[in-house]
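Asker: output the structure for:
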Amino acid sequence: MRPNRTSVTLLSTMLFAGALAACGVDDAPKEYNSLVPWMWHSYATASDEELAKGIIALAGASSEVTADSPVKAQIGHLSAADIADLGLSARDVTRARGMFVVTEFNCKLAQLEKIATSLKQQTVYPDAYDSYARTYTSSVDDYFARKTNTLSWATDLKSTQLGTTFSEHLNGGARYLPDLGKEQSPFGAALLQRTYLAKAATSSDSDKSWDQDYQIDVFVERKPGKILHLFAAWRHINFGWIDTDSDTMVKQMLSAFVDWDTQTEAACKKGLP
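Answerer: Residues are numbered from 1 along each chain as shown. Modelled structure (predicted):
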């Protein structure tokens, strides 16, 4: 997973170039209001058949999405019940602001899966991290042999955001949704990923904090060589002078999320990782 997706250059230039006066973040189109959080909390619990219905709903809601016309919007908070299965210490999940994008980019699902599950995330996204170490916590061989449809990992990373270096420990994984046949899986197989900040990040500045982050990705090759991608995050970050309650900060994150898929497309074209 991509835990950072916040472009330092983008934020640094835009925040001080008049963006503070920008209009607010768009609200989610109604088709996504229940679908996006459902994808998050159903990642581990829904059956393949139920998730396949969700994929159809996502494709239907996103019929107008193209590479040049992504959806960028805010969405409501997760609930305590939505993170109950993660085994986290008590936290106020309503502090984590919800945001999501739906994009389209050129890639085949088989290659995208290799990129998304690879240990070599710094190879694909060299500017995103100061350091990055992902360790599989389940069998990657069994996963790619389709003996199991899930793969899990733990990640330790450092990244510098607006001059502050954060050290993060995240838990994440992928779930492969097999092709269930033309009626249930009209777009073929799909891939989901979920990741979360297992504990508050440590910061190089005592007055800066990143204490909550929950993410879900859904990838489906809805047309040959065209990936439809939902990425949603609920996060709470505080830089002291600006935090995720700021529409300006969220708008720049949303733009960075779209830019991330441009990098993914480039990596796919190169055959990385």
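Asker: hey, let's count contacts and neighbours off CA atoms from now on
Answerer: OK.
Asker: just the helices in the stretch 101-250 of the chain please.
Answerer: Secondary structure of the stretch 101-250 of the chain (DSSP state H, counting those that start in this stretch): helices located at 109-117, 121-124, 140-144, 247-270.
Asker: dump the ones you listed to JSON lines, plus mean pLDDT and mean neighbour count.
Answerer: Shown next, in JSON lines, are these (pLDDT from 0 to 100; neighbours: other C-alpha atoms under 10 Å):
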{"stretch": "helix 109-117", "mean pLDDT": "98", "mean neighbour count": "19"}
{"stretch": "helix 121-124", "mean pLDDT": "95", "mean neighbour count": "17"}
{"stretch": "helix 140-144", "mean pLDDT": "98", "mean neighbour count": "15"}
{"stretch": "helix 247-270", "mean pLDDT": "96", "mean neighbour count": "19"}
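Asker: where in this structure is pLDDT low?
Answerer: Low-confidence regions of the chain, defined here as pLDDT under 70, cover residues 1-22.
Asker: how about 90 then?
Answerer: Low-confidence segments of the chain, defined by pLDDT under 90, are located at 1-23, 89-90, 161-162, 206.
Asker: distance to A81 added to the helices of the stretch 101-250 of the chain, as JSON lines?
Answerer: Written out in JSON lines, the entries for these read as follows (distance: least, C-alpha to C-alpha, whole Å):
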{"stretch": "helix 109-117", "distance to A81": "27"}
{"stretch": "helix 121-124", "distance to A81": "31"}
{"stretch": "helix 140-144", "distance to A81": "28"}
{"stretch": "helix 247-270", "distance to A81": "24"}
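Asker: out of the ones you listed, nearest to A174?
Answerer: With respect to A174, and counting by C-alpha to C-alpha, the nearest of the helices of the stretch 101-250 of the chain is helix 109-117 at 7.1 Å.
Asker: for stretch 182-194, buried residues please.
Answerer: For stretch 182-194, the buried set under the neighbour-count rule, 16 or more other C-alpha atoms under 10 Å, comprises Q184, S185, F187, G188, A189, A190, L191, L192, Q193, R194.
Asker: same question, stretch 77-93
Answerer: Within stretch 77-93, the residues scored as buried using 16+ other C-alpha under 10 Å are H77, L78, I83, V93.
Asker: next: stretch 218-230.
Answerer: Neighbour counts over stretch 218-230 (16+ other C-alpha under 10 Å) mark V218, F219, V220, E221, R222, K226, I227, L228, H229, L230 as buried.
Asker: rebuild these as CSV, extending it with distance to E50.
Answerer: Compiled in CSV, the buried residues of stretch 218-230 are given as follows (distance: C-alpha to C-alpha, whole Å):
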residue, distance to E50
V218, 14
F219, 16
V220, 15
E221, 18
R222, 18
K226, 23
I227, 21
L228, 19
H229, 18
L230, 17
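Asker: three-state assignment of the closest residue to A61 other than its chain neighbours?
Answerer: With C-alpha to C-alpha, 6 or more residues apart in numbering as the criterion, A61 has its nearest non-adjacent residue at 5.9 Å, and that residue is E31. Classification of E31 by DSSP: H, G, I helix; E, B strand; the rest coil places it in helix.
Asker: ramachandran angles for the closest residue to R222 other than its chain neighbours?
Answerer: In this structure, R222 finds its nearest non-sequential neighbour in F187, 5.0 Å apart by C-alpha to C-alpha, 6+ apart. Dihedral angles of F187 (phi, psi; degrees, to the nearest 10) stand at phi -110, psi 10.
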